[in-house]
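Mind looking at a prediction? Sequence and model below.
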Amino acid sequence: METIFNHLSDKLISTLKKGEHLIISFDGEKSQFIRFNNASIRQTGLVDDATMSLKFIANGRTCHGAFTVSGNQDIDIQRGENEIDRMRKESKEIPPDPFLVMPKNSGSSHEIKKVNGLPFDNAVSALIPVMEGIDFVGIWVNGKMYRGNANSAGQRHWFETDSHCLDYSLVTPSHQMVKGCYAGSDWSQENYEKYVENSKSKLKIMNRKPIKVNTGEYKTWFEAAAVADFLSMFSWNGISEASIRQGCSGFGRMRHEDVRLSSKLSLAEDFSPGLCPKFNSEGEVSKDSLTLIENGKLKNTLVSSRSAKEYNLDSNYAESGEYLRSPRMAPGNLSHSKVLKKLDKGLYLSNIHYLNWSDNSGGRITGLTRYACFWVENGEIVAPIKTMRFDDSFYNFFGNQLLEVENKLTVVPETSTYEKRSLGATTCPGILVNSFALTL
Amino acid sequence: MKLDIDLQKLLGAVNVPADWVGIREVYEAHTPRMIRDGVPVANSHASTHGLMVEVLVDGQFGYFGTPKLTQEGVSDAANKAFLQAKLASKHSLFSFDVNARPVFKGEYISPYKKGRESLSAGSLNKLLLDAYNSLKISDKIVSAHSLCQIIETKSKFISSNGSDINQEFLMLEFDLSATAADGSNQQTRTFAGMRGTCRQVGVEFFDQEEIMVNANRIGEQALELLHAEECPSGEMDIVIAPDQMMLQIHESIGHALEVDRILGDERNYAGWSFVKLEDFGTLKYGSDLMNVTFDPTMESEFASYAFDDGGLKATKEYLIKEGTLLRGLGGQESQIRSGLEGVANFRSSGWNRAPIDRMANINLESGDSSFDELISSVENGVYMESNKSWSIDDYRNKFQFGCEYGRLIENGKLTKVVKNPNYRGISIPFWNSLKGVGNSETFGIYGTPNCGKGEPNQVIRVGHASPACLFGNIQVFGGV
């Protein structure tokens, strides 16, 4: 795939005329997907896919184009040249772009992760046996992913990785569920079976009769997976500089009114785990770590080079959408073994579901409990709870209501496969909150 | 772009002992253009083109999505799909036969007068810039944008049992948005909320005069909202405009009726459903005023088509009639698995994803109340337009929606504007509280380009049309 990318990039860059610039972004995958329902196979298949995206700059204008890379050299060159011709013509009729981001050569990079993964043809026989006897539903995703970037200033990046992810739910006869996500690069049959067996053991407590809790405010423990979901909201009308400037960010109160979150909360964009490339689709390379929130104070927002030009700031080489790519929330002091005792009485939420801003400027987020969520009394789990809706502001649960932060971090992998498989993960601890509002 | 590959020749290159083979070729191009704050921020043309080769082996379907449009590419794809299906067939959830892929031949072309190329990039940018200037009516409008996206999709499907289907779609998404802000007080008004304005139509859609009038209205309403009171809290009647009914139908009817969800396929992702297989024909879903259809035949609605991606011919069907649940959203595979009647809704997001049960056009049929009659029957309530927030649980029971724009209804009259109008409820009691359905004059056609579902994930386009509706005694609330 890298050879195809390099050859095609060279060829397209060579077609540029004087005063024309090109930034090329590439993504591809060779993936296996197996979908399970009731520990049986619902759908199975493979996908080979690759897309080359072009940003063409000429005459003070910016145009974009993209096409599928077929792997056939002649076809792909023709598709690329057609796109460049189209953009060349278009650049003569659209309005000028005052915030052009020109390509630069700030050095190239090359990273290929060699792994000992599970061959596609062995997946069924490796995965199925440990599922037997339980209602297992989910998706197996496996294979290589590619990201590349090249530009007419001579810079080039390549990132290639190989990974698997079994994202699943175990379901009791009374429809209570436990969530699991076994992800990694090298395949270990023993570790996989241990992981699923551990999930199975959690089903026992789910067999207790679920109880209904009333609406109201509760002391609440959020497992790391739930915290990761809250943090994901910061990528959508949150920590983006453009969002704040354009009046559609929940971070407005931090920017305009100097409102602070809890001093126990610190958040950074941290690329050191190497789970996704450090270069963005412009080919710009981020620092290993960028502090965003330090002890509750907003230190940095995500600033793309385009926003930097538009608002006269320094870029920190965020993606053009200014979303989090590799967030890491700092650990605190609370040991997981002490969580139930510290919680004493309240809610223990392992996962949350379907989040949305219910009042973006107030930082209010609504969503629902899902999977292993429990009622706790006297420091012991009483029973799972029936699904409840919550609606509360992150200025509360990450702010003055935040009591404790777990001392251990969990890596919550990005499992999205919309259009293509995603890279990256959120690394975060669980949190204990003094008050959290259930509304329905 | 013309699809000129001889798919029959490619099918002839397949050499595997499968019970059935199908090839679906899909080309799709998106052309978004956007002006934000007076500056072009998107002028793009992104295309994708490939083949889904699907085989049936020992009761199990297997697939291979490939960008290689050659005999060698298809042959290789079929071999690999065959092996995947063969390995899986010992553990199949359901053993299908060739009846899962019915035989149809035919074609469909979106109704339109002017294609993409009849409006140049320069003309469209000028139109969007003019619209931006009409949105930006005050310095308090801190950001505004106008955007359109033209989508061209071409799909061909042939199979070893004789299906031969060609479908070509031309679609538009259009939005105008103005955000007024004063410090952290910020309010956004758009053309129909969350890209709700999306249709199967040509560029004749762009009526300069109408766009400028709407842009000016949206700018003014954003300013109105900035200074408006918060929506009151309490239990009261609400009248919902079609551009919010769209999402209400989508989340609390559409997804709940997807038969693959009811059968449990989605439990690890989108979730299950409160609807059970035995509910069809008996469940009182809503009041007698409630009539809901699956209607792929409605002209210009976003998800109209003649055949689904499994090749099944699409027809209009009642899902809910006079409040009683009749039929689910299940394609041929789900109909076979469940034994229920369904609809032609086995759809995929492209050549690289296998079809699953999806919504298409799900519409609430018009009633006989005028808009004034709906409003005049409310003593104390809120009228709400345009979705800005949505959330519902994994069984499609407990929902909460937020709208951009609200007006109080006091003693049968629309009065002052309120900001952050929200409401929440539970699907079945909510639909049974439907006490007024607007007539055809209140009817609006909308949709959403971003319906997510499936593993691997797929985003798909759906259409929803509805009149304005009145619901009684709903939990309403405002912002922080």
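Yep, that arrived.

Phi first, then psi, for residue B:285.
phi -70, psi -40 (degrees, to the nearest 10).

Could you count how many residues lie near it?
Each residue near residue B:285 was counted by other C-beta atoms under 10 Å in any protein chain shown, and the total is 23. Heads up, the C-betas are built off the backbone N, CA and C, glycines and all.

And for the one 4 residues further on?
Using other C-beta under 10 Å, residue B:289 has 19 other residues around it.

ok, and the closest non-adjacent residue to it?
residue B:437 (4.7 Å; C-beta to C-beta, 6 or more residues apart in numbering or on different chains).

Likewise for residue B:177?
The spatially closest residue to residue B:177, leaving aside those adjacent along the chain, is residue B:190, at 4.4 Å (C-beta to C-beta, 6+ apart).

coming back round to it: would you tell me what helix or strand the residue nearest to residue B:289 is located in?
Under the criterion of DSSP states H and E, residue B:437 resides in strand B:434-437.

in its sheet, what does the helix or strand following that strand sit against?
With elements assigned by DSSP H and E, the helix or strand that comes after strand B:434-437 is strand B:444-453. Partner strands for strand B:444-453, per DSSP bridges, with pairing direction: strand B:458-466 (antiparallel).

Only alpha carbons, please: show the partner strand as CSV.
What follows is strand B:458-466 as a C-alpha-only set of coordinates in CSV (Å, rounded to 0.1, in the frame of the first residue of the first chain):
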residue,chain,number,x,y,z
GLN,B,458,-22.9,2.7,8.5
VAL,B,459,-24.3,6.2,8.1
ILE,B,460,-27.3,6.4,5.8
ARG,B,461,-29.8,9.0,4.5
VAL,B,462,-33.4,8.9,5.6
GLY,B,463,-36.5,11.0,4.8
HIS,B,464,-39.2,12.0,7.2
ALA,B,465,-42.3,14.0,6.3
SER,B,466,-44.9,15.1,8.8
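
Could I get the average pLDDT for that strand?
When pLDDT is averaged over strand B:458-466, the result is 98.

Contacts for the helix or strand just after that strand next, please.
Per DSSP H and E, strand B:458-466 leads on to strand B:469-477 as the next helix or strand towards the C-terminus. With C-beta atoms under 8 Å, 6 or more residues apart in numbering or on different chains as the test, strand B:469-477 has contacts from A:440, B:231-240, B:245, B:364, B:369, B:374, B:377-378, B:381-382, B:421-425, B:430, B:433-438.

Stretch A:392-404 now?
Outside stretch A:392-404, the residues within contact range by C-beta under 8 Å, 6+ apart are A:219-220, A:222, A:230, A:233, A:250, A:253, A:259-262, A:264-265, A:296, A:332-334, A:342, A:359, A:362-365, A:431-437, B:480.

Now list the buried members of those residues.
For those, a neighbour count by 16 or more other C-beta atoms under 10 Å in any protein chain shown gives the buried set as A:219-220, A:222, A:230, A:233, A:250, A:253, A:259-262, A:264-265, A:296, A:332, A:334, A:359, A:362-365, A:431-437.

Quick check, pLDDT for residue B:325.
In the predicted model, residue B:325 carries a pLDDT score of 98.

What of residue B:307?
As summarised for this prediction, residue B:307 has a pLDDT of 98.

So it is in contact with residue B:106, correct?
Yes - distance between residue B:307 and residue B:106: 6.4 Å, which falls inside the contact criterion (C-beta atoms under 8 Å).

who's more crowded, those two?
Taking other C-beta under 10 Å, residue B:307 and residue B:106 do not tie; residue B:307 has more neighbours (24 against 13).

Spell out which residues make up each domain of the chain.
If you meant another chain, say so; for now it's chain A. By the record's domain assignment, chain A is partitioned as A:2-206, A:216-438 (automatic domain parsing).

wrong chain, I was asking about chain B
For chain B, whose domains are defined here by automatic domain parsing, the residue ranges read B:7-227, B:230-477.

which one of these is the most hemmed in?
With neighbours taken as mean count of other C-beta atoms under 10 Å in any protein chain shown, the domains of chain B reach their highest mean count in domain B:230-477, at a mean of 22.
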